[in-house]
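>>> what follows is a predicted structure for the sequence shown.
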Amino acid sequence: MTQLLEKELIRHTLRQEGIEVTLWNYGGIIQDIRTTDREGHLESVVLGLETVKDYQQHSPYFGAIVGRVAGRIGQARFEVAGEDYPLVANDGANHLHGGIHGFDQAWFDVIEATDTLFHLRLNSPDGEEGYPGTVTLDVYYRLEGTTLTLEMTAVTDQTTPLNLTNHTYFNLSGNAKRDVLDHVLTLPSDCYLPVQPDGLPTGEQRDVSGTPFDFRNGQSIRDGITLEHPETIAVGNGYDHPFILREDTLRLVDPVSGRIVDVTTNQPAVVLYTGTQLLTDYTVHGVPARPSLGLCLEVQVHPNAVHEPDFPSILLSPGEIYHWKTAYRFGVIS
């Protein structure tokens, strides 16, 4: 495919029986996923907007690729090989989701677009948003049956932090007709990362047993937050917390529509975010946005890893290949 002009929005839809996935080259956004419920109705199961302007004015990272570093970096700075790199502080004193103009707002080049594949590429130059090194990122969306696989690989010419995620907000009810409080999440995680009031992990790992953070046997979001734990109250009566994964697959179910999504990943952690900060000045599928209208399963390495020596390293060096892979298998239960 020939090189596309900058800022030319390309919308591409992948289709298989029972599923349609609409993707954008702006932000690498998953703009829509439509799947069938147990009655065969094809409806949207993610939150998305209609125009680039809508995303620029309103979007809390709906469906976007987030980088260079997902989550928060404390005090908006980090150190590599003794050199200090200041970043923009766009979340209080901290740096969030790659900065003011992160990957979620980047225009990707379309390399290939077929019925089952959408391949994007982004060159992030040295110094962009304060990060060292030129990073070349390739993004592959593949649809096989009702499984959407998102795979990202990247290389760099200087050592730099890289910790990507996809920020899709799921709502399996169909066209956002209900919120996600009665969605049931099964999460193979024995410990979560407590967070401070500013959203940064404290650095400790805490056992989920006997807490609202125990999703090992399946728990609805509503049941979790009704336990009124100080941490769920602090983030807006919901979740914005990292969980360490013991196994690679988690499941989200809407018992009313019967829709499910199984998420299988090669990443060590997932941030569960229940949309506690969604504002009400725009609509999604004609529904006013509001807290708990969608939830995110942001698979990644632990947030703020550049400042926590006990967390896995997120530094990518020349000669290494970054690899992030996650599959979303959609289906229904009877």
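All right, it came through fine. Numbering: from 1, shown residues only.
>>> C-alpha only now, for contacts and for neighbours.
Will do.
>>> and the contacts of the longest helix along the chain?
Ranked by residue count, the top helix of the chain under DSSP state H comes out as helix 52-58. With contact meaning Cα atoms under 8 Å, 6 or more residues apart in numbering, helix 52-58 is reached by 26, 49, 61-62, 105, 282.
>>> could these go into JSON lines alongside distance to residue 76 and pLDDT?
Output for the contacts of helix 52-58, formatted as JSON lines (distance: Cα to Cα, whole Å; pLDDT from 0 to 100):
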{"residue": "26", "distance to residue 76": "25", "pLDDT": "98"}
{"residue": "49", "distance to residue 76": "30", "pLDDT": "96"}
{"residue": "61", "distance to residue 76": "19", "pLDDT": "96"}
{"residue": "62", "distance to residue 76": "23", "pLDDT": "97"}
{"residue": "105", "distance to residue 76": "19", "pLDDT": "96"}
{"residue": "282", "distance to residue 76": "30", "pLDDT": "92"}
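>>> which non-adjacent residue is nearest residue 92?
residue 198 (7.7 Å; Cα to Cα, 6 or more residues apart in numbering).
>>> need the contacts of helix 52-58 in JSON lines with neighbour count, secondary structure and distance to residue 71, can you?
JSON lines is the format used below for the contacts of helix 52-58 (neighbours: other Cα atoms under 10 Å; DSSP: H, G, I helix; E, B strand; the rest coil; distance: Cα to Cα, whole Å):
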{"residue": "26", "neighbour count": "25", "secondary structure": "strand", "distance to residue 71": "20"}
{"residue": "49", "neighbour count": "18", "secondary structure": "coil", "distance to residue 71": "22"}
{"residue": "61", "neighbour count": "21", "secondary structure": "coil", "distance to residue 71": "12"}
{"residue": "62", "neighbour count": "25", "secondary structure": "coil", "distance to residue 71": "15"}
{"residue": "105", "neighbour count": "21", "secondary structure": "helix", "distance to residue 71": "16"}
{"residue": "282", "neighbour count": "16", "secondary structure": "coil", "distance to residue 71": "24"}
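>>> before we move on, back to that, shouldn't the residue nearest to residue 92 be within a helix?
No: read with DSSP: H, G, I helix; E, B strand; the rest coil, residue 198 is coil and lies in no helix.
>>> separation between it and residue 91?
8 Å (Cα to Cα, to the nearest Å).
>>> lowest confidence element among the helices and strands of the protein?
helix 230-234 (a mean of 88; mean pLDDT, DSSP states H and E).
>>> starting at the chain centroid, how far to it?
22 Å (Cα atoms, centre = their mean, to the nearest Å).
>>> ok, now stretch 14-22?
The answer for stretch 14-22 is 20 Å, by Cα atoms, centre = their mean.
>>> can you list the buried residues in that stretch?
14-15, 18-21 (16 or more other Cα atoms under 10 Å).
>>> same question, stretch 71-91
So stretch 71-91, judged by 16+ other Cα under 10 Å, has buried residues 71-78, 87-89, 91.
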